[in-house]
Every structure is written in structure tokens, then in C-alpha cells.
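*Asks:* Based on what follows, work out the 3D shape:
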Amino acid sequence: MKWTVHQLQQFQHREMPIDEYVDVSDLKQIDTLIRDISPVHVQGKADIGPTKFTFHLSVSGTMVLPCSRTLVDVSYPFSIETTETFFTNDYDIVSTDEDTHLVKNETVDLMPIIKELILLEIPLQVFAEEGTAQGGAPQSGEGWEVIQEDRWEEMAAEQAKQKIDPRLAGLAKFFDKDNKE
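*Replies:* Numbering: from 1, shown residues only. Take a look at the predicted model:
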């Protein structure tokens, strides 16, 4: 995903098709949330002009992230659409948009941009589907269990109906006296 300006100018005034699988496994060292990542499929085209190179790309793949609740592996597919423009001269740049870049050392390298886009695609939280949390964090223990939100109201009503602790029975009678007076 790296070309010299001379290589790109051979496609001047016509489209240059792009269809490659790239290895971005070094992202696992950059962000430790990424446990694994498949080869990323980059498709699209490049429009080549005399001083401007515009890449219309679709980046897709699957990364494995930890479940926010149980820490089990969760496959997270992603698909990113982007348009990146490179200029050979800084005076040709019309706007300082995030998607515009200046050609450095007479080469156009898309890999740093692709890696950055993938890192930005990592969600804040990802959850494993129900029943797939085998081997993850425990869901219950001695005197506790993880409950679903809909069961919370049910359990709160049950606890309210339970009889008063015998050690606090005298305290309950005290409040009953105040209510009668």
C-alpha cells in the first residue's frame, strides 16, 4: 500500500483499481485491547492527477476484542469507508481537512492511515452474546450473582416481602409505637 509519485503518475487521468489484503497484526502491540485481527481487505480506486492523488477506499476485516463484562473473546467485524487525498505541493491544498495529506519523500503510504482508521473503529464496550461467556469472569459466587436488569425489579420486590431479621424485630416495634401515637 505504498507507491512512489512516479508509479502513481503512470495512471494519470484514469482510475487505478485497488484490491488487496494487508497485514496489520502489529496493531496488537499498539492497542492491547486488540487480541487478534484478521488480514484487512482494502478495496477501492485511486484517481490520479498531476499534483493530486485521491483514494476512495473501503477497509473491512474482523478484530477480536475482550467482552466488557466477562473478558471472553468477541469477534468484532468492521467496515470503514474513506476518501484520502494526497497533494504533491502544499500550496495546492485547498483546505486543512483531516483527509488531506502532503506527499512526503516522493512516496504515498496508505498503511499508517489504514491503521489509524482501524484504531478509531474500536468501540468503547463490546459484549459477548448471552450464553457464550464460557470461561470468562464468573457470573455468581458465594452470596452474589450477576442478574439481568429485568430480574432486578422482581428480586427487589421479593426482598421487601421477606420477614424482618429477628435481631431487628425490637427496632421494628419501636417504629410501630411512633406511628400509633
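
*Asks:* Student question: in the protein, what's the helix or strand with minimum average pLDDT?
*Replies:* helix 169-180 (a mean of 66; mean pLDDT, DSSP states H and E).

*Asks:* Does the closest residue to Glu15 other than its chain neighbours lie in a helix or a strand, and which?
*Replies:* Among residues not flanking Glu15 along the chain, Lys45 sits closest, at 4.7 Å (Cβ to Cβ, 6 or more residues apart in numbering). Every residue, glycine included, has its C-beta placed from N, CA and C. If you go by DSSP states H and E, Lys45 is part of strand 40-48.

*Asks:* Same check on Gln29?
*Replies:* Counting by DSSP H and E, Gln29 is part of helix 27-30.

*Asks:* what's the spacing between that helix and its chain's center?
*Replies:* Its chain's average C-alpha position is 14 Å from that of helix 27-30, according to Cα atoms, centre = their mean, to the nearest Å.

*Asks:* now swap in stretch 12-31 and tell me
*Replies:* How far stretch 12-31 lies from its chain's middle: 18 Å, per Cα atoms, centre = their mean.

*Asks:* tell me, what residue is most central in this structure?
*Replies:* Geometric centre of the chain, nearest residue: Ile122, 1.6 Å, by Cα atoms, centre = their mean.

*Asks:* tell me the SS of it?
*Replies:* coil (DSSP: H, G, I helix; E, B strand; the rest coil).

*Asks:* so what's it up against?
*Replies:* Going by Cβ atoms under 8 Å, 6 or more residues apart in numbering, Ile122 touches 31, 33-34, 63, 65, 76.

*Asks:* Now list the buried members of these.
*Replies:* Among these, the ones that count as buried by 16 or more other Cβ atoms under 10 Å are 34, 63, 65, 76.

*Asks:* Noted, bye for now.
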